[in-house]
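Engineer: Sequence and computational prediction follow.
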Amino acid sequence: DLVMSEHLKKRMIIRKSYFHVFLIILSSFLFYSSSAISEKAKHLKDLAGWDKTTAIIQTHENEIIEFRVLIAQSNKQRRQGLMHIESMEEDQGMLFIFDPNRKVSMWMSNTPMTLDMLFIDKNGKIINIAKNTTPYSTKGITSGGSINWVLEINGGLSDQLNIKNGDHVRLSSIKAHDEE
């Protein structure tokens, strides 16, 4: 009996050691995750080093609507997009550039706010609008044809501002991030 209890004691000590190692690893992971999340950009102004322009929409009623936009042109910028951005001013947005033009699929992964996505062809014509997208969704949102640009604005604005398929978009001059 004495030998058996010694053996059990050793097993218990080993299990306690594994449990403590597990707790240390878990604590480190939680600490790292929360600090990494807090460092992510939450507002457009927090995204440093992005080029800017003004996207000018001419509606079917000849109204002119302007959005101050950051440009997502590199693969890295297009992948990041508006992930983790919690809010934008009504006249702000993000313009995704695809060169050469192609059919694209967007998603809302890690995006906490609803958006309207305007899919724009090589002639600057809006060919599709995905309205009031679902935050955090990983479901693909397709362009509906070959496009050069996707303009993301606050959800509901395309209806509020009467922006429709067939309206035209042009850009003002692009300002490099170091020209501010």
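Structural biologist: Cool, the structure landed.

Engineer: Run a quick check on Q73 versus D51, I expect a contact.
Structural biologist: Yes - at 7.0 Å, Q73 and D51 qualify as touching, with contact defined as C-beta atoms under 8 Å. For the C-beta atoms, the positions are set from N, CA and C on the backbone; glycine is no exception.

Engineer: And those two? Which one has more around it.
Structural biologist: Higher neighbour count among Q73 and D51: D51, with 19 against 16, using other C-beta atoms under 10 Å.

Engineer: Let me know the distance separating the more buried one from H60.
Structural biologist: Distance from D51 to H60, counting by C-beta to C-beta, to the nearest Å: 29 Å.

Engineer: What's the first helix or strand after the helix or strand hosting F119?
Structural biologist: Applying DSSP states H and E as the criterion places F119 in strand 115-120. Downstream of strand 115-120, the next assigned helix or strand under DSSP H and E is strand 126-130.

Engineer: Partner strands of the following helix or strand past that following strand, with direction?
Structural biologist: Where DSSP H and E defines the elements, the next helix or strand beyond strand 126-130 is strand 141-142. Strand 141-142 has these partner strands in its sheet, going by DSSP bridges: strand 105-106 (antiparallel).

Engineer: follow-up on the earlier one: give the rounded mean pLDDT of the strand holding F119.
Structural biologist: Taken as a whole, strand 115-120 has an average pLDDT of 98.

Engineer: can you check stretch 142-160 too?
Structural biologist: 98.

Engineer: Quick check: buried residues in that stretch?
Structural biologist: Neighbour counts over stretch 142-160 (16 or more other C-beta atoms under 10 Å) mark 143, 147-155, 157-158 as buried.

Engineer: can you tell me which of those residues are in helices?
Structural biologist: Residues of the buried residues of stretch 142-160 located in helices (DSSP state H): 157-158.

Engineer: Output the buried residues of stretch 142-160 as TSV; include the columns distance to P112.
Structural biologist: TSV is the format used below for these (distance: C-beta to C-beta, whole Å):
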residue	distance to P112
S143	23
I147	25
N148	27
W149	23
V150	19
L151	19
E152	13
I153	16
N154	12
G155	11
L157	17
S158	20
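
Engineer: nearest residue to S87 other than its sequence neighbours?
Structural biologist: Counting by C-beta to C-beta, 6 or more residues apart in numbering, M113 is the residue found nearest to S87 once chain neighbours are left out, at 6.2 Å.

Engineer: my read: the one you found touches N154, true?
Structural biologist: Yes - counting by C-beta under 8 Å, M113 touches N154, with 7.3 Å between them.

Engineer: Please enumerate the shared neighbours of these two.
Structural biologist: Counting by C-beta atoms under 8 Å, 6 or more residues apart in numbering, the shared contacts of M113 and N154 are M88.
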